[in-house]
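> sequence first, then the predicted structure, then my questions.
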Amino acid sequence: MRDKLEKLLEAYAELERRMLDPAVVSDPKEYARIAKEHAGQAELAAKAREYLSALDDIEVAKEMLRETADADEKEILQEDIALNEGKLPALEDEIKIMLIPGDPHDEKDTIVEIRAGVGGDEAAIFAGDLLRMYQRLAESHRWKVETLSSSPGEAGGFKTIEFKVTGDKVYSVMKYESGVHRVQRVPKTESQGRIQTSTATVAVLPEADEIDIQIAQEDLRIDTYCASGPGGQGVNTTYSAVRITHLPTNTVVQSQDQRSQIQNREVCMQMLRARLYEMELERQQAEQGATRLAQIGHGNRSEKIRTYNQPQDRVTDHRIGFNGTYNGVLLGDTLPGVIDALAAAERAQKLAEAV
């Protein structure tokens, strides 16, 4: 452990030296990259120094213990040794967790798609509730939410909506929301007070830059059409809406919510890059024999990661058996606690695998 931590601190010191290098300082992108890496390693470096300091103190105290004949001094030195040795196990566990490789996509912004599943109008209303839940989560993290494309439901909510979330470590939080969400409640559209079960699927995709995914122009079919609103009402008479089909994978994206055809086309390309990037990640994971933390599935009631039960005022995350209150989670107040528990369970699993 000592050798590994000493090498880690040497690498951390090298980052500090590079941040003072005039060549790096004059290159804003390179400086930002190194500064970000330096900041990301700061907590680990501090724990490493604390661990090595405790080891050094133990060695010094033991050496002094061998050389002294004074009974009182021996007692003090033995207490110091015991105190520092008592620190080591907890420090070692913390450091092991920090040394577990993080998800390389955690720093990325995300594109989120919410799609109404089983349940008709109530499923669309529930999709709208999930959107508001994520908007409140974004507000608490000071993230920015931008709607990319939407298809409103006839009774409210959305048949489908895609939005982009940008900010600090968005994907590291939002990735746990990918899957099928199930709600059990009396719908607003139900006149006889019967409880209905509905679902909505949430897909969380790390945003891909152009350097991550190269898309050949000849692989695209681009169609334009007039944007329309609910009930088929014409919103405008210009062909501002855009639909792009990636021919090799038959992946289709579309956008009509932006002001111009150029803006809708850029939104479509953002969504397409994210979807192709996710497909590539899944292919790599399949080759490595890895399984995703949560599968989106097909939207059936049995394929669920979380159930929101209004009559029982309970929300259950089925991946870890976490229970919270219906309003607390759906209003976004206690959702961070659910996500923290999921992240802790993932860290524990990775640590067990590493051991």
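Sure, I can see it.
> the longest strand along the chain - which strands sit beside it in the sheet, and in what orientation?
Using DSSP state E, we find that the single longest strand of the chain is strand 196-206. Using DSSP bridges, the strands paired with strand 196-206 are strand 110-116 (antiparallel), strand 179-185 (antiparallel).
> the last one: how far from the chain's middle?
On the basis of C-alpha atoms, centre = their mean, to the nearest Å, the separation between the geometric centre of strand 179-185 and that of its chain is 20 Å.
> any idea how far Tyr51 is from Asn250?
Counting by C-beta to C-beta, to the nearest Å, the gap between Asn250 and Tyr51 amounts to 53 Å. The C-beta positions use only the backbone N, C-alpha and C, and glycine is treated the same way.
> which of these two has more neighbours?
More neighbours surround Tyr51 than the other of Asn250 and Tyr51, with 20 against 7 (other C-beta atoms under 10 Å).
> I'd guessed that one sits against Leu5; true?
Yes - applying C-beta atoms under 8 Å, one finds Tyr51 in contact with Leu5, separated by 6.2 Å.
> and the longest helix along the chain, what does it pack against?
Looking across the chain with DSSP state H, the single longest helix is helix 28-67. Here helix 28-67 touches helix 2-19, helix 22-25, helix 71-99, going by 3 or more C-beta pairs under 8 Å, 6 or more residues apart in numbering; DSSP states H and E.
> just the terminal-to-terminal distance for stretch 109-120.
End-to-end distance for stretch 109-120, by C-alpha to C-alpha, to the nearest Å: 31 Å.
> renumber starting at 442 from here on
Shifting the count to begin at 442 puts that one at stretch 550-561.
> how far is it from where the chain is centred?
On C-alpha atoms, centre = their mean, the centre of stretch 550-561 falls 16 Å from that of its chain.
> buried residues, that stretch. List them.
Buried residues in stretch 550-561, counted by 16 or more other C-beta atoms under 10 Å: 550-560.
> possible to save the strands paired with strand 637-647 as JSON lines with distance to Leu532 and mean pLDDT?
Listed next are those as JSON lines, based on distance: least, C-beta to C-beta, whole Å; pLDDT from 0 to 100:
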{"stretch": "strand 551-557", "distance to Leu532": "34", "mean pLDDT": "93"}
{"stretch": "strand 620-626", "distance to Leu532": "36", "mean pLDDT": "94"}
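> pipe those into CSV and attach distance to Val465 per row.
Formatted as CSV, those follow (distance: least, C-beta to C-beta, whole Å):
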stretch, distance to Val465
strand 551-557, 30
strand 620-626, 42
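> next, the angle helix 443-460 makes with the longest helix of the chain.
Interaxial angle, helix 469-508 versus helix 443-460 (axes from the mean of the first three to the mean of the last three C-alpha atoms, to 10 degrees): 140 degrees.
> quick one: secondary structure of the most far-flung residue of the chain relative to its centre?
What lies farthest from the middle of the chain is Ala510; by C-alpha atoms, centre = their mean that is 58.7 Å. With DSSP: H, G, I helix; E, B strand; the rest coil as the basis, Ala510 sits in coil.
> how about it, what does it touch?
Residues near Ala510 by C-beta atoms under 8 Å, 6 or more residues apart in numbering: none.
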